[in-house]
Each structure stands twice: as structure tokens, then as C-alpha cells.
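Engineer: heads up, no residue letters with this:
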């Protein structure tokens, strides 16, 4: 790596330096995650080589730091380095070495230097009750900080369910009137990456695409990148064949559950949950709830997560079509001899009546002709 | 006053003689030669697994809507104004087999024969193509087709005929027909008709126990450019016995024979004229009788 390394809390980490080979591999994976061709990965590497590290300001509000943790504790080596090498993480309360006034100064400096270009990442919900006094940093409310930081950002990314739509802090009775970033920043386009925690590769893909091409991926109506949230978990679930075969786990620990049957009857929200978990697994460690026998909680869906009880069944969004085929030859009904006979009689009677009527007509005509003569 | 029995029989006889001699005088229409560049498809029903991927690809490639709008899934049962290909299944005494219903692209198509202004025409590679700008919506092609392929968009205010055109818009761009492109087992393949015929023969020779020893379309209905291989008799798949002569060969021989040299119509005219004249004379004679 040619560019200067930025040293932070992870100086002494086991992962050590990220060599070029590993870095190119990472970019390839990230490009693939966003559905970009391999050539895009090369462009990403070039962009970083030219020192075009995007400045990232990471704001944390009502959250558990789970999304940060998932980003750091991935099974792929050097991802922590990626945060430090590929992007310039100028402000992150959990990771920055500085504290207090120093940290706040770093944020303000990054905002000045990279105005209109930096990426504003929001982690955690934003309380709005009583003027937002339930979450304050440096004496300022989360609402104020968000407004200030997002105003001059090049891109706004809400990571995790809390930032995307409120998440846990907004669950009933929602004492702080917590809201997601898109609800607070209604006039700005916010990329939401819901998930509890969010898939780090989805996040990296979005950031790298923004850095390399200056564009954001295609989003659905809730601001989620389509490359990751287009399909439901149910569509790609490894337990799907059991669903189609009608094999369900009825209770935890029963025979079906031990055999790995479908968890739908245990309240799995997979049929309505749009997320890449079934393909990319959860948190990038190879495991995920459905894989270990727990129904999906629907953490990426604002109407499911922390709203619908975990063991409540949901409706199927895309019902499976029946596996039927039309016949090669259309089936025709058969006409019985009796019906043929009756039809013949009726037809014959009509013909006879018509014939008689026609003859009568002839007679009448000749009789009227005879009158004047 | 009506034409009497004698006159009627005489007239009928005259028309019959004229038709018979006229028909015999006209040489039966020659067979259409197989074009050297004729392309085609080979559908091997024993390879088809019924995945219906071809149906999905066909919809996408041809911008066709679903069979029933608003229905949660797509389930066409036959070709229609929205469906150019459909996978059907035969299950019965002869076993089980899938069947891909689509246009067979006859070498000598009846739909082209009956189309009065050439909306249906043989295009490049012998593809039976449809030109909606010429179509007047008479639906003769629908009636003429021995395979019941062309369908009409009954529910459209600007209806068109819908039938497989072998994705000629894709072929023009160097791609394969959508169904052949996506088929995971190679059950439907695109190629030169000659090569496909050789391949079909090779398959039968290699696995004589697997196939009915016949390639449907080699000579059926004068030969088609879409060829079928199957393990069950073809009539079970809805491919009828049509003989080796093309449908238009017979119909055009009859039709063109009747009008050959305009002999039969002219004879008919003369006959009608004579009948009218006779009737007229009879009537004037009757009237004179009444006056006297």
C-alpha cells in the first residue's frame, strides 16, 4: 500500500497490515456485493491508490454499537484495516483515539475540509421528544448534530435498523419518540441499510461505489439498496424445500426442528423480510438465525422488527405457484347417442315445419293472385 | 316460376365438368424447396425437465404481459394473445412427457399462404414472421394453421396476431432465441435445420430405445423448421398426423385450379345468364297468355 496509513485504536491488532493483494481481493468482494463488474474493483483500487480516501463521519445515537461491532468482527481478515486504510474515518465515537473537545473538533474540521463530499453515516435512532433532549453529545442534541452534519454531506447512510426506521428504541411505548434518520431528514435522500446488525458488505459496497463513481446504488421505496434488499429471505432460504414440501418445525426441539425443517410455523418472518442474509449470511460470519434454528425476526422491515411478536406468523409475500402443467391435448366432452337423437328430432321437426309453412305461403300467393282476374 | 329439375341438373353437370377439367388442367403446385440457410429449433422432449424457464424468458424477450394480470403467478394453459410458448405435459398409458408448444415454422406455412397482404411472411432463415403494420386483422392465419398456433389479442383495442417468431429481433443482434438461450438441459436448441436434423437422427441412432423412431417435422405437413423428438407417440403430444404434403399445397392447387384461366367462373356466369334469360322469356310468354 502506497498511501500513508492512518493509525488509530487498532495499531496493535492481530490482523496487521493489509497488503495489496488482500486489498484488491477485498475490493473485488465489495464490488461483487454491489453487483458491479470486476473492472469496478480495479477502479476502486485505483481510486484508493490515488489517495481518494473518502472522509467518513460516523454519528452514534440511540444504539448498541452492534453495527460497528459487526463491521469490525467479520471473519474476513483486515476489514478493520479497511476502515482505516480505504476510508478516512474522521469521527467515530467508539473508534477514535481522541475524546471530548478534540473529537468534536475533528468532526468540525472534516466537515469544513470535505464539505459536500464526505459520507455521513448514522448509527442509532434519533429521539425527538421534548426537543430531543434524551440523547446529547457535548451538550448538543442528536437532532442538532444530525441536521448540522447531514446538511453538508455528499451522501447520508443510515446503518442498522435503529437509524433506518427507529429500531429497538422506537419499540412500543417509545418513551423518547425515537425516529430513524429518513424520518428526521425528510428532504434528503438517505441510503438505509437496515439489519440488526446490518450486513457490513452491503455498507462497504455502498461506500466504495460512492467513492469510486460518485453515485449511489439503486434504492427501493424505503431507501434500501436493491442489490441487497430486492429479494426476500424466503426466496433464497436453504430451508425452502421443506416449506414447499410442507415439512415444518412445530415447536422448538421437536423432531422437525431437529431435522432442520422450515421454521415458518415458529413465526419466521422470512417470507416478508427483504434482506440478503440467506445468501450472504448474517454479520459475515457464516451463521445466521435461520441457520441455527431460530425463526427470522424480520429485523430489516420497519413493520415487522420490534413491532410484531417473534412467534407470530406472517403472510407469504410471493406464494409458490402450484407445480402443474396443462395437458397436451385439450379434453373434449362426449355427446351421448340419446342427445344426438333428440337433437336430430328437434332439427327434423323444425325443417318439416319450415317446409309446410313455405308451401302454405305458395298457396296463399296463388290464391291472392287469382282474386283480381 | 323456378328453374325446373332438368335445368338444374344440366347446370350442375356443366359446373362439375368445368371444375373437373379445370382442376386437372392446372398442374398441382410444386413443393417448396428447403432453403439452404433455413434455421430451426430442435425440441427433445426426453431432455425437458418442465422447469418453464423458457416461458419466463420468452415473456421477457418479447415483452409479453402475464397471462392473467394481478394473479400471483403465471400459469398459461395454452398459447394465447399473451403467450408465445407454453410447456404442457402428457401423462398416460404411454408414459410421461413434456411438450413445448410454439410455432413450428413450417417450410410451406398455411398462414403465409392465406395471408392476403403478406403480413405473415417467410423471413430470413425461413422464419415465419409477422408484420403488424400490414395486418388487417382478418385472422385467416389463425383458421389456416394446422397446429392452431397464431393467436389473436381479443382484449386489445389495437389487436395483433401473437406467435413465435424465433426471437428474430435477438437473432439480428447475434443472440439466440430466448428459450434456447436459457434452457438448462439443452432440451430446446437453435441451429441450422440441416444440422439439427442430423443431430436428431444421431440421437435416435444412439438411443433407439429412448425415442419414437421419427422426427416430427422432418416431413410432416411438408416439413417444419422446428423439429420434435419424443419418447411417446407424437399425437399424444398434440402433434397431429398431417401427412407429408403441406397444407397450402393442396389448398392452393384447388383454389388456383378453379380460377385457372378464369374458365370456371366464366362458365358459371354463362350458366346464370342463361338461367335468367330463360326465366325472363317464360314469364313474358305467360303474361301474353294472360292478356289474351
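Structural biologist: Sure thing, it's come through. Here the structure is a predicted model, which is why all the values come from computation and not from measurement.
Engineer: what's the spacing between stretch A:234-252 and its chain's center?
Structural biologist: 21 Å (CA atoms, centre = their mean, to the nearest Å).
Engineer: make that stretch A:154-165, sorry
Structural biologist: Distance, stretch centre to chain centre, for stretch A:154-165: 13 Å (CA atoms, centre = their mean).
Engineer: how long is that stretch end to end?
Structural biologist: 21 Å (CA to CA, to the nearest Å).
Engineer: how many neighbours does residue B:208 have?
Structural biologist: The number of residues packed around residue B:208, counting by other CB atoms under 10 Å in any protein chain shown, is 9. In this view, the C-beta of every residue, glycine as well, is placed from N, C-alpha and C.
Engineer: so who does it touch?
Structural biologist: Taking CB atoms under 8 Å, 6 or more residues apart in numbering or on different chains as the criterion, residue B:208 is in contact with no other residue.
Engineer: likewise residue A:109?
Structural biologist: Counted by CB under 8 Å, 6+ apart, residue A:109 has contacts residue A:90.
Engineer: Can you pull the residues of the stretch 151-292 of chain B lying near chain A?
Structural biologist: B:236-238, B:290 (CB under 8 Å from any CB of the partner chain).
Engineer: Just put these in TSV and tack on neighbour count.
Structural biologist: Listed next are these as TSV, based on neighbours: other CB atoms under 10 Å in any protein chain shown:
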residue	neighbour count
B:236	19
B:237	25
B:238	17
B:290	7
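Engineer: So chain B: which segments form each domain?
Structural biologist: Domains of chain B are assigned by automatic domain parsing as B:5-30+B:252-285, B:39-245.
Engineer: How far does the last one sit from its chain's centre?
Structural biologist: So the one you mean is domain B:39-245. On CA atoms, centre = their mean, the centre of domain B:39-245 falls 12 Å from that of its chain.
Engineer: SS state for the residue lying closest to residue B:66 once chain neighbours are set aside?
Structural biologist: Leaving out its chain neighbours, the residue that sits closest to residue B:66 by CB to CB, 6 or more residues apart in numbering or on different chains is residue B:74, at 4.7 Å. Assigned with DSSP: H, G, I helix; E, B strand; the rest coil, residue B:74 falls in the coil class.
Engineer: Residue B:74: what's it in contact with?
Structural biologist: A:321, B:55-56, B:59, B:66-68 are the contacts of residue B:74 under CB under 8 Å, 6+ apart.
Engineer: What of residue B:55?
Structural biologist: B:74, B:76, B:83, B:85-87, B:179.
Engineer: at 10 Å instead, please
Structural biologist: Residue B:55 is in contact with B:64, B:67, B:74-76, B:83-87, B:100, B:178-179, B:182, counting by CB atoms under 10 Å, 6 or more residues apart in numbering or on different chains.
Engineer: go on, residue B:38?
Structural biologist: B:105, B:107, B:122, B:125-127, B:192-194, B:196, B:223, B:225.
Engineer: Quick check: residue A:91 is in a strand.
Structural biologist: Yes: under three-state DSSP, residue A:91 falls within a strand.
Engineer: quick one: pLDDT of the residue nearest to residue B:66?
Structural biologist: pLDDT recorded at residue B:74 is 86.
Engineer: Chain neighbours aside, what residue packs nearest to the residue nearest the centre of chain A?
Structural biologist: Nearest residue to the geometric centre of chain A (CA atoms, centre = their mean): residue A:229, 2.3 Å. Nearest residue to residue A:229, sequence neighbours excluded (CB to CB, 6+ apart): residue A:274, at 4.4 Å.
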